[in-house]
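*Asks:* Model the following, please.
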Amino acid sequence: MNTLFELTKSRHVQKQKHLNTSSVIAFTELVSKSQVDKEGSRNRYPTNLFKNKEHGQVVGEKYMPWLQEQLRNAVSEGDSHKIQVYIRAIGNTGHPNILAAFEPYLEGKEQVSNFQRLSMVAALDKLAWLHPNIARRVLFRVYENLGESPEVRVAAVYLIMKANPSAQVLQRMAQSTHFEHSDQVCAAVKYSIEKAAQKETEARSPQLYNNARAAANMLTPKDYGMQYSKNFIQSYISRESAQFLLENAHIHGKDSIISQGFNFKLHSRVGGIDLRPEAMSYLSSSVEDLLRLLARQLADIPSRGMNAHQVMARRRLDYTYNNIVSWLKLETDQQEQVEGSAYISLLGANRFFTYDNHTIEQLPSLIEEWNRRLQKGENVQKTKLYNKNTLELGFPVAMGVPFYYSLQEPAMISVRGQFKGYTERQPQGSSLTLKAGINGDVELSYASQLRGRMGFLYPFNNNRYVAGLNKNLQVYVPLKGKVELNGQENNLQAILEPYSQSRQNIRLLQSSTNAYHSYLEASNIKPSVENKNTKAINAPAPHQYQNTVGRDETGYAFDVEIRTSQNWRNSFAKYFSQAVKEGPLSAIFYNRYPESIANDYMSVTYNPQKSSQKPAKFSLSLLADDGSEKPSEMLMKLREFKNGMDQSGGESDNLAQPSSYANRQQELYANVQKDIQDARVIVVDAAVTFQGDSSDAGYSMTVAHADSPVAEQSRALLYLHAKPYQSSQKNQPLESAMEFNIKSPQVPIFQYKEAINAKPDSEVNGKFNFRNGSSEARLTYQGSLRRSQGRKNFVQQHPTSELCENQMEQGNYIQSACRNATVSALFADRYDLSVKYENIPRRLRELAHDIYNLARYAGFENYRELADDRQRPEGEILIAVQFAHNLENVNIGWQSPTQTAGFMNLTVPDWAVPIVVHHPARNQLLSRDGLFTQEMTYMQPQVSAVIDGNRVTTFDNKSYPIDLGNCYHVFAMYAPHEYDNNDDDNDINDDDEQDFAVLVKENDSNNKEVQVVLGYDYVKLSGSGSSGFSVQANKQKLQLSEHQVSRWSNNRNKNHLLAYALPQNVAVLYLPRNQLQIIYDGNRMKLTIGNRYRNRVRGLAGTFNADDIDDFTLPNNRLFREPLEYAATYALTRDSACQGPARQRQKDAQTMLHYEKNIQFVDLISESDWNLKVKNNLTESKNKSKKEMGKQCMNLQVNILETNGKTCFSIKPQPECNSHCRPSNLTMRNVEFHCVQSSNAATHWVKMIKKGAQPNFAHKTVNHKQSISLPESCVSRQ
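*Replies:* Residues are numbered from 1 along each chain as shown. Okay, the predicted model is just below:
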């Protein structure tokens, strides 16, 4: 270890870019395994490493001080890469001295970034595992510090759950969720305790399970959406002693709905052996800052500007974004450095990667370097050999001979090839900013063998007797061709073919399982399978399958051979049942470690002699049209094609059926938007073609969808095409076209009363054509989606609706309760569908029957089949779907000519409600996030803020009273973390996509007036008598209609503004490039903004960071308490037209208390947490603490029986639970006793044994046997 340590810190290693990271990470991991984790080391290594005290002391005396010094130097140099590496390296050791290394930074004595402090807390994971008592105290202090950042506290919560928390600790954390100010921390605590309290946790950790159950009922009942931090835990234990544990913890930051950090770890245990875990983790300082930095580096953004006339005209405006920022003297948080790290177990080793601003800024030069290398050509030859798992175990048995067991899983991966290519950056406006291509040939190889052996070594004949099992896997993929990505046209294309120079057969896949037994000399080092005495274990006659597949379908011939002693159907049924009951992950795990051993063999071989010599072409394309007035060249061609089809007047019976296969994308683009005004269209096409006898031989799928906010009709089309390389009687060309139409009424979405009294019923209809060869099947369907009277009554009687009615009496119609009630009032809970069919071919019937059988098998508990003698017409099926009034369950039934059946009382998950339950207003808003709130859909982030009659609700759902007066207030504005407050007139900021401000005031008629400022443009909305509203853009009046979308542009940005009307005199404005949507009716407004503005907003609508604690952030970036005075601080009182109470309240606010937004550091680590522990050389590894806990609860005690006047003592001590513990599992064992006549001597021994004496009865004769109940394990009674 000292030699490796010297190598790690040597100058030659430290100078090498990647080796310096790998060496220190590998060294510290080995330190943890061999010198810190004493119990694990004792089990892992054949030699007891701890006989020498110096072996453990050197870590604290030599290794840790050097690592601590390296971290200190990195912090002083400000080197983010080194800081992250040494934080992770120190954490890897798991030594208590970690706390001494991190103490000055965690307690604020030395300045580091908040991300680096988060990394330090996350690096305590090994300490929590090896020394849970030490780690738990420190982590709980981090969690309890309300002045700490939420991300750091969430990381502490996750590690507390791994550090054997007591019931009292979990109960305290559970109770705090009722008054905790951070929703992120609340969510982490709630879901961590709930997952730990699930039944599946009991077998893995019974103490944690019991403690979590004691705390679960104390948790807050509030549910948290997917934008909050959560800890997902899934485990599975099979009867074959195979189990896995999946940990998936997420940390969400303030500025993005994407996780700021996650930790994925899969633990596997087979037969009591812990295999190497599969781990992957990621941590970032800010996801949004990272994405913005990547976008700036990868996008070639052209400079844009305005001419002098435009500049002067806009400078005359008072309400410009820059002016508003200047008037408010806006101050925001300083943007921290972009930092991050990734940790992954890959190819038998743990890899650690870091990045910062400089890393991202080097991407353009790296891309240029890659481009030069690709243009010259690259030769790649990489091979990696590694051992996934290895175990050698030996011990003597009662027969007096050594028994041994070994497990190994060597693997090899290889990549070889030569290729050329190119990369290009494309101008702004493309969906993807990259254009790239690559061509050449590549060979990918992977091979692994999972081999286990057990046997005996007989010294008298020096032979080994072995039974073993080998599972072999080999994959070889040789390819030749080219791949091209065109971001501007949203197209990916690949032309590939198998690569074979000699045209010999190529084995692509080979898998086998071989069970055997053998005997050989102890000195024989050859593999057991090569020994002449090795014989396969007898098995039933194998099932065999040999065939050549793929030749007719694709032109490529593959020889498939399968031999197995198992029943294929039974095996598939078991795997399917496992996937249904426990999930797909457990099915994969179950397949890897099956319940029985069988000799299997499977191979797939490419046969070039029987195959086509021409390549296959793969393509994936995306077409999207939102009605832009300045479309791309590709969209212009599509629109011209559509216009030509409209003029020709031709119409297909099924809109999903193109007249020409080559024009399928263009025709579906034109057909899907037929009779839909201002349609938004998306077309996705995936295809593979083979150059055979026919040019269109291949397989393709084309999907198209169109809807519009001003049309009741929406439509989806699906076209499938399959034409085999060589047609035959069994392989006929196949063509399928499905048209789905839904007609939903325009419904009120702004007032609950109108919504509950509306008729939100929708109609559906469609067609399905299926052609296989010369036969054609037809299927038509039509039905209704409606809201039942029971559902309406349920909504009216719901407490949320009652609260909404109370709010409406106070003049507030769009607070959270009313928005939820309005959305809920329009859900359809009853579906009725009639399906008529004819000429359905036998193959399609069999496929439908197989799917039906699988569904019936998966849901057998809910399946019902009724006896019904009524005659029904042939060729028709009636389907009825009835949701429960609360949408938590659903019944699905059908009547066919042969049966009446269905699934009853199926559970509908919360996340599935917006998917399977129809809402007629889905198409009425261009920004869907603003329609469904978090409470109704669970997965949707809450991104709307409203100003109502006399209240405001922020983006983070904080409601407070408001009194604006006739004075503009900033309702919401973009507030970047870094703002250059430059008043130089020559500096024109023209970034309309970022800079926005929404202003609101009350006019003399008590109506709300709204002004949306976009850089130097503005849009004004005002109440206008009976019409409800008036909309102007740069003084240009817009006419809004319920049947057409109005468009306005400032001649610099396409689709700058889309506007239309909804029922009940409601206006909708949508700015797609700014990601803003406003719904306005003259008296109230609802604002929806994109997720890129998270934690970058200021104003009456709060900060939009998922925590309402800092919603009252003043323009000077300090916190405030009083709502009316807070609102006045965002009043634009410099305007001479400002009237009302805002001026006086703004002055009052200056004299009231303000609060700084700073992290409050506390004393987290005391000397007793680490120093005294090290001096006493006490270890508290997790395994040992469990063992000691078991020793405290369980003793080996001589068992005493009294029977037939005799006192019996067990020959060997038996397990027994102490008085303060109870048995968790009991088992029956046949125990041997020595019995004597009851006497004073026997009574004396009984008393001595009860006091703890351990007399040795091994030399006594056995004269009694009895089966008694004994504990397998004991747990504390608390």
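
*Asks:* Can you name the next helix or strand after the lowest-mean-pLDDT helix or strand in the chain?
*Replies:* In the chain, no helix or strand scores lower on mean pLDDT, DSSP states H and E than helix 934-937, which sits at a mean of 38. Later in the chain than helix 934-937, the nearest helix or strand by DSSP states H and E is strand 944-947.

*Asks:* Could you list the paired strands of the helix or strand that comes right after that next one along with their orientation?
*Replies:* Counting by DSSP H and E, the element after strand 944-947 in chain order, helix or strand, is strand 951-953. Within its sheet, and counting by DSSP bridges, strand 951-953 is paired with strand 944-947 (antiparallel), strand 959-961 (antiparallel).

*Asks:* how about those strands, which one is nearest Q732?
*Replies:* Taking CB to CB, strand 944-947 is the member of those nearest to Q732, at 53.1 Å. The C-beta positions use only the backbone N, C-alpha and C, and glycine is treated the same way.

*Asks:* looking only at pLDDT, what's the mean for the closest one?
*Replies:* For strand 944-947, mean pLDDT is 93.

*Asks:* Can you show me the CA trace of it as CSV?
*Replies:* C-alpha atoms of strand 944-947 as CSV (Å, rounded to 0.1, in the frame of the first residue of the first chain):
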residue,chain,number,x,y,z
SER,A,944,-48.4,29.4,-13.8
ALA,A,945,-48.9,32.5,-11.7
VAL,A,946,-52.2,34.5,-11.6
ILE,A,947,-53.5,37.9,-10.6
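
*Asks:* Any stretches of the stretch 1001-1150 of the chain with poor pLDDT?
*Replies:* Flagging of the stretch 1001-1150 of the chain using pLDDT under 70 yields the residue ranges 1024-1028, 1051-1055.

*Asks:* Which parts of it are helices?
*Replies:* 1123-1128, 1142-1151 (DSSP state H, counting those that start in this stretch).

*Asks:* what's the answer for the stretch 1-150 of the chain, then?
*Replies:* Using DSSP H, counting those that start in this stretch, helices in the stretch 1-150 of the chain cover 2-9, 11-15, 19-31, 38-44, 53-58, 64-77, 80-93, 98-106, 114-122, 125-130, 132-144, 150-160.

*Asks:* Also the stretch 251-400 of the chain?
*Replies:* So, for the stretch 251-400 of the chain - with DSSP H, counting those that start in this stretch - the helices run 287-298, 308-315, 321-328, 357-361, 363-376.

*Asks:* what about the closest residue to N2 other than its chain neighbours, how many neighbours?
*Replies:* Leaving out its chain neighbours, the residue that sits closest to N2 by CB to CB, 6 or more residues apart in numbering is V58, at 7.2 Å. Other residues lying near V58 total 17 when counted by other CB atoms under 10 Å.

*Asks:* ok, now L146?
*Replies:* 14.

*Asks:* Grab the nearest non-local neighbour of it.
*Replies:* Distances taken as CB to CB, 6+ apart place H181 nearest to L146, at 6.8 Å, with adjacent residues excluded.

*Asks:* and the one you found, how far is that from N1116?
*Replies:* Spatial separation of H181 from N1116 under the definition CB to CB, to the nearest Å is 21 Å.

*Asks:* which residues pair with T390 across the strands?
*Replies:* Bridge pairing for T390 - DSSP bridges - gives Q408.

*Asks:* okay but it is in contact with L407, surely?
*Replies:* Yes - with contact defined as CB atoms under 8 Å, T390 counts as touching L407 (6.8 Å).

*Asks:* Neighbour count: the two, which is higher?
*Replies:* Per other CB under 10 Å, whichever of T390 and L407 has more neighbours is L407, with 18 against 11.

*Asks:* ok, now which ones touch the more buried one?
*Replies:* When contacts are counted by CB atoms under 8 Å, 6 or more residues apart in numbering, L407 touches I273, N389, T390, L391, R451, G452.

*Asks:* Among the residues you listed, which has the minimum pLDDT value?
*Replies:* I273 (71).

*Asks:* That one - nearest residue in space that isn't next to it in sequence?
*Replies:* In space, I273 is closest to L391, 6.1 Å off (CB to CB, 6+ apart).

*Asks:* any idea how far the one you found lies from V270?
*Replies:* From L391 to V270 the distance is 10 Å (CB to CB).

*Asks:* same deal with D1107?
*Replies:* 43 Å.

*Asks:* swap in P410?
*Replies:* From P410 over to V270 (counting by CB to CB), the distance is 17 Å.

*Asks:* what do you get for E339?
*Replies:* 39 Å.

*Asks:* the more surrounded of these two?
*Replies:* The neighbour comparison of E339 against V270 (other CB under 10 Å) goes to E339, with 26 against 19.

*Asks:* what is that one paired to in the beta sheet?
*Replies:* Assigned bridge partners for E339, using DSSP bridges, are D356.

*Asks:* give the contact list for it.
*Replies:* E339 neighbours (CB under 8 Å, 6+ apart): S80, Q84, S113, F115, Q116, S284, S285, T354, Y355, D356.

*Asks:* quick one on the thing from earlier: list buried members of the contacts of L407 by neighbour count.
*Replies:* By neighbour count, with 16 or more other CB atoms under 10 Å, these hold N389, R451, G452 as buried.

*Asks:* Sticking with the second one, tell me its helix or strand.
*Replies:* Under DSSP H and E, the secondary-structure element containing R451 is strand 434-458.

*Asks:* in that strand, what counts as buried?
*Replies:* Going by 16+ other CB under 10 Å, strand 434-458 has these buried residues: 434-438, 440, 442-443, 447-448, 450-453, 455-458.

*Asks:* Packing partners of the helix or strand following that strand?
*Replies:* Next along the chain after strand 434-458, taking DSSP H and E as the criterion, comes strand 463-486. Contact here means 3 or more CB pairs under 8 Å, 6 or more residues apart in numbering; DSSP states H and E; on that basis strand 463-486 packs against strand 434-458, strand 491-498, strand 506-521.

*Asks:* Just send the strands paired with strand 951-953 back as TSV, with distance to Q732 too.
*Replies:* What follows is the strands paired with strand 951-953, written out as TSV (distance: least, CB to CB, whole Å):
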stretch	distance to Q732
strand 944-947	53
strand 959-961	64
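
*Asks:* How about the contacts made by the residue lying closest to L508 once chain neighbours are set aside?
*Replies:* Ranked by CB to CB, 6+ apart and with sequence neighbours excluded, the top spatial neighbour of L508 is V604, at 5.0 Å. Contact analysis of V604 by CB under 8 Å, 6+ apart lists R507, L508, L509, Q510, F558, D559, V560.

*Asks:* Beta-bridge partners for the fifth one, please?
*Replies:* It stands for F558. Bridge pairing for F558 - DSSP bridges - gives V549, Y606.

*Asks:* That one touches T605, doesn't it?
*Replies:* Yes - with contacts counted by CB under 8 Å, F558 reaches T605, the gap being 6.7 Å.

*Asks:* Give me the common contacts of those two.
*Replies:* By CB under 8 Å, 6+ apart, the residues touching both F558 and T605 are L508.

*Asks:* So which of those two has more stuff around it?
*Replies:* Neighbour count, other CB under 10 Å: between F558 and T605, F558 has more, with 20 against 16.

*Asks:* how about stretch 784-794: buried residues?
*Replies:* L785, R786, R787, R791, K792, F794.

*Asks:* Quickly check those residues for the two that are furthest apart.
*Replies:* Once CB to CB is applied, those give L785 and F794 as the farthest pair, at 17.2 Å.

*Asks:* and Q1032, how far is that from Y968?
*Replies:* 15 Å.

*Asks:* So between the two, which is more surrounded?
*Replies:* Under the criterion of other CB under 10 Å, the comparison of Q1032 against Y968 puts Y968 first, with 26 against 15.
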